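> Show me how the following folds:
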Amino acid sequence: MIVAAAISSENYDKYLGNGLASLQGTETYEALKPVIEALVIATREMEGETRALEVQLVELKTRAAFLQQEVDALRAETLTDPLTLIGNRQHFDESLISLAGAAARNDRPLSLLFGDIDHFKSFNDRFGHQVGDQVLRLVANLMTHVLRDGDVVGRYGGEEFGIILPGMPLAHARIVAERIRATVMARDIKKRGDMGFLGRITISIGVAQFRKGEKLDALVERADACLYAAKRAGRNRVVSEDDPEFRHERSETR
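Got it, this is the predicted structure:
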């Protein structure tokens with residue numbers, strides 16, 4: 001299209017040049033008339049080609065926008081956990097790299113939470129996988145409603161969830177974690193289509209803050225160790241990296 005338009009424009013320029021030369025050498029109206037008529041016809045043809053090109057460009061722009069929407073939708077699908085409809089592990093990992101990089105550049109805090117549903121396997125075995133799936137969706141939904149816009153929650157694996165809190169220091173992140181823990185514990189679990197009470201679930205959460213210059217593996221390991229310390233301390237609790245339970249856990253590991 002661009003090549004064709006360029007050729008058409010070049011031909012029109014030549015035609016105008018030739019017409020101008022003819023006009024300059026013409027002294028009578030009778031001689032001017034066919035030259036002017038030819039120039040008018042050529043100009044109208046050029047206008048028609050330009051309009052046709054504009055129509056084609058609009059169509060291409062519309063098609064490109066539609067294709068971009070399809071690409072965006074496909075990418076969103078590849079980064080979404082199909083069960084809980086929150087981000088999957090790939091989305092979480094990519095977000096952590098991006099947000100930690102921004103936190104380091106802007107000298108801003110960033111905290112990482114790892115949450116794990118307590119005794120999920122026994123709950124799953126007792127009531128079935130459908131109820132277990134319902135619980136995973138419920139926990140993901142509760143977390144999403146507690147968090148701010150800009151926070152990232154993802155299904156890290158199995159019944160474990162990861163949460164990234166950009167711009168939030170450790171003390172505030174611990175408060176958010178406690179809010180999530182209390183919100184999850186307050187919900188009754190009922191089987192769909194059945195009013196029977198199946199019990200309550202709890203969640204243990206580990207909290208760590210990103211340290212400028214450290215590798216992300218170290219941050220993930222620290223948050224995971226806090227989660228493990230919460231499990232060892234009796235579950236249904238939050239442990240951050242400045243808590244005694246975490247320091248005790250690290251000393252035993254060493």
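> okay, now Leu136: neighbour count?
21 (other CB atoms under 10 Å). In this view, the C-beta of every residue, glycine as well, is placed from N, C-alpha and C.
> give me every residue that touches it.
For Leu136, the contacting residues are 83-84, 117, 155, 159, by CB atoms under 8 Å, 6 or more residues apart in numbering.
> let's go with 7 Å and repeat that
83-84, 159 (CB atoms under 7 Å, 6 or more residues apart in numbering).
> Any chance of a markdown table for these, columns pLDDT and neighbour count?
Shown next, in a markdown table, are the contacts of Leu136 (pLDDT from 0 to 100; neighbours: other CB atoms under 10 Å):
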| residue | pLDDT | neighbour count |
| --- | --- | --- |
| Leu83 | 94 | 13 |
| Thr84 | 95 | 21 |
| Glu159 | 96 | 21 |
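> So which of those residues belong to strands?
Using DSSP state E, no member of the contacts of Leu136 falls within strands.
> of these, closest to Leu110?
Here the nearest of those to Leu110, counting by CB to CB, is Thr84; it sits at 23.1 Å.
> ok so, going back, now distance to Gly206 too, for the contacts of Leu136, in TSV please.
As requested, those are exported to TSV (distance: CB to CB, whole Å):
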residue	distance to Gly206
Leu83	23
Thr84	20
Glu159	14
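> Return the subset of those lying in helices.
Within the contacts of Leu136, no residue falls in helices by DSSP state H.
> Out of the residues you listed, flag the one nearest to Leu198.
Distances from Leu198 to the contacts of Leu136, taken by CB to CB, are shortest for Glu159, at 16.0 Å.
> quick one, strands of the stretch 151-254 of the chain?
152-157, 160-166, 188-190, 197-200, 203-209, 238-240 (DSSP state E, counting those that start in this stretch).
> what's the neighbour count on Lys61?
Neighbour tally, Lys61, other CB under 10 Å: 10.
> What's the mean pLDDT across the helix or strand where it lies?
For Lys61, the element it lies in under DSSP states H and E is helix 29-78. Helix 29-78 shows a mean pLDDT of 77 in the predicted model.
> which helices and strands does it pack with?
Applying 3 or more CB pairs under 7 Å, 6 or more residues apart in numbering; DSSP states H and E, one finds that helix 29-78 contacts helix 2-24.
> Now do the helix it packs on: everything it contacts.
32, 35, 38-39, 42, 46, 49, 53.
> could you redo the last one with a cut-off of 8 Å?
With contact meaning CB under 8 Å, 6+ apart, helix 2-24 is reached by 32, 35-36, 38-39, 42-43, 46, 49-50, 53.
> May I see the ChimeraX selection of the buried members of the residues you listed?
Paste this into ChimeraX to select the buried members of those, with burial taken from 16 or more other CB atoms under 10 Å:
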select :35,39,42,46
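> can I get the contacts of helix 2-24 in CSV with distance to Gly206?
CSV is the format used below for these (distance: CB to CB, whole Å):
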residue, distance to Gly206
Leu32, 90
Val35, 86
Ile36, 85
Ala38, 83
Leu39, 80
Ala42, 76
Thr43, 74
Met46, 70
Glu49, 67
Thr50, 64
Leu53, 61
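> ok so, going back, turn the strands of the stretch 151-254 of the chain into JSON lines, including distance to Leu79 and mean pLDDT.
Output for these, formatted as JSON lines (distance: least, CB to CB, whole Å; pLDDT from 0 to 100):
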{"stretch": "strand 152-157", "distance to Leu79": "9", "mean pLDDT": "96"}
{"stretch": "strand 160-166", "distance to Leu79": "14", "mean pLDDT": "98"}
{"stretch": "strand 188-190", "distance to Leu79": "28", "mean pLDDT": "81"}
{"stretch": "strand 197-200", "distance to Leu79": "31", "mean pLDDT": "81"}
{"stretch": "strand 203-209", "distance to Leu79": "23", "mean pLDDT": "98"}
{"stretch": "strand 238-240", "distance to Leu79": "28", "mean pLDDT": "97"}
